[in-house]
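Undergrad: here is my input, please return the structure:
(one chain, ligands or ions: 1)
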Amino acid sequence: MPVAPMVEMAHRHGARVLVDGAQSASHLPVDVTCLGADFFLFSGHKVYGPTGIGVLYGREDVLERMPPWQGGGSMIDDVSFERTTYAQPPARFEAGTPSPADAVGPGAALDYVERIGRPAIAAHEQHLMSRLVAGLSSVPGVSILGAPAVRVGAVSFVLARYELQAVGEHLNRCGIAVRSGHHWAQPILRRFGHEISVRPSLGLYNDEDGIARLVVALRDLAEGRRR
Ligand SMILES: *Cc1c(COP(=O)(O)O)cnc(C)c1O
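TA: All right, here's what the predicted structure looks like:
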């Protein structure tokens, strides 16, 4: 997504922008200042970390004008019978005793990602993505959805004459984990004329062998040789 120009357009109309970075944080270098968004967030488990915790970034000048959303310890500045004032962000939004143990996991995960380097991860994934797109395109009946200049992380396809849930199940039985469904993106799927798609996604743990196995399994199904 061309996030920076989208943010710019929204800001011109006085809107605040929250970027859901759950799909970009593990694949691309992210510079929140360059994007200019008011908020940016992602989940721990999308950067190889634990579930149930994530990261929410907010621009300082925006956070400073926001009221607290929960009351509790550490978010108070001063209380009297006349008035209450709240702590500066981020403490204002972190009511109650935090859970440091929970935050250690995503911290370690981010250190791991940083150590490998997002540019190196992006290069690895781009290489695999071009293999994957070429492989999928070579299977009879496969249509790939969309044609972006750069694909990040995932590619959606449909297979003519096949029920797509069954395609996903077939691949999963072959040991290839893909998602088939609407991927929480029904408007864009309908824009392409579909209700569901099959969607392999790539991460730094994938390799060429896995892609070759996916393509073979799909071709076996498409050509009626399913095992
Ligand atoms: C995974 C994902 C979510 C949901 O995050 P959870 O932490 O799994 O609830 C939201 N948006 C996008 C783009 C995602 O990829």
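
Undergrad: tell me which residues of stretch 57-68 come out buried.
TA: By neighbour count on 16 or more other C-beta atoms under 10 Å, the buried set for stretch 57-68 is 57-59, 63, 68. C-beta coordinates here come from the backbone N, C-alpha and C atoms, glycine included.

Undergrad: compute the first-to-last residue distance for that stretch.
TA: Start-to-end span of stretch 57-68 (C-alpha to C-alpha, to the nearest Å) is 15 Å.

Undergrad: check the offset of that stretch from the chain's centre.
TA: For stretch 57-68, the distance from its own C-alpha centre to the chain's C-alpha centre is 24 Å (C-alpha atoms, centre = their mean, to the nearest Å).

Undergrad: what of stretch 88-102?
TA: On C-alpha atoms, centre = their mean, the centre of stretch 88-102 falls 24 Å from that of its chain.

Undergrad: average pLDDT across it?
TA: For stretch 88-102, mean pLDDT is 92.

Undergrad: please enumerate residues in contact with it?
TA: 50, 52-53, 58, 60, 63-64, 66, 68-75, 77, 86 (C-beta atoms under 8 Å, 6 or more residues apart in numbering).

Undergrad: now go through those and say which are in helices.
TA: 60, 63-64 (DSSP state H).

Undergrad: report the buried residues of stretch 46-54.
TA: Applying 16+ other C-beta under 10 Å to stretch 46-54 flags 46-50, 54 as buried.

Undergrad: now, which of the residues you listed sits nearest residue 144?
TA: Taking C-beta to C-beta as the measure, residue 144 lies nearest residue 46 of the buried residues of stretch 46-54, at 23.0 Å.

Undergrad: right, and that closest one touches residue 27 too?
TA: No. Look at residue 46 against residue 27 with C-beta atoms under 8 Å: they stay out of range, at 9.3 Å.

Undergrad: once you drop chain neighbours, what's closest to residue 141?
TA: Spatial nearest neighbour of residue 141, excluding adjacent residues (C-beta to C-beta, 6 or more residues apart in numbering): residue 160 at 3.9 Å.

Undergrad: hang on, the earlier thing: now, the contacts of stretch 88-102 that are in strands?
TA: Within the contacts of stretch 88-102, residues falling in strands by DSSP state E are 58, 77, 86.

Undergrad: now distance to residue 185 too, for those residues, in JSON lines please.
TA: Conversion of the ones in strands among the contacts of stretch 88-102 to JSON lines gives the following (distance: C-beta to C-beta, whole Å):
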{"residue": "58", "distance to residue 185": "25"}
{"residue": "77", "distance to residue 185": "42"}
{"residue": "86", "distance to residue 185": "37"}
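
Undergrad: what about stretch 198-206, average pLDDT?
TA: What stretch 198-206 shows for mean pLDDT is 95.

Undergrad: start to end distance for that stretch?
TA: End-to-end distance of stretch 198-206 (C-alpha to C-alpha): 18 Å.

Undergrad: ditto for stretch 111-122
TA: Chord length of stretch 111-122, first to last residue, is 16 Å (C-alpha to C-alpha).

Undergrad: ok, stretch 31-44 next?
TA: The separation between the terminal residues of stretch 31-44, taken as C-alpha to C-alpha, is 18 Å.

Undergrad: then stretch 77-91?
TA: Start-to-end span of stretch 77-91 (C-alpha to C-alpha) is 10 Å.

Undergrad: quick one: it to chain centroid distance?
TA: Using C-alpha atoms, centre = their mean, the offset of stretch 77-91 from its chain centre is 36 Å.
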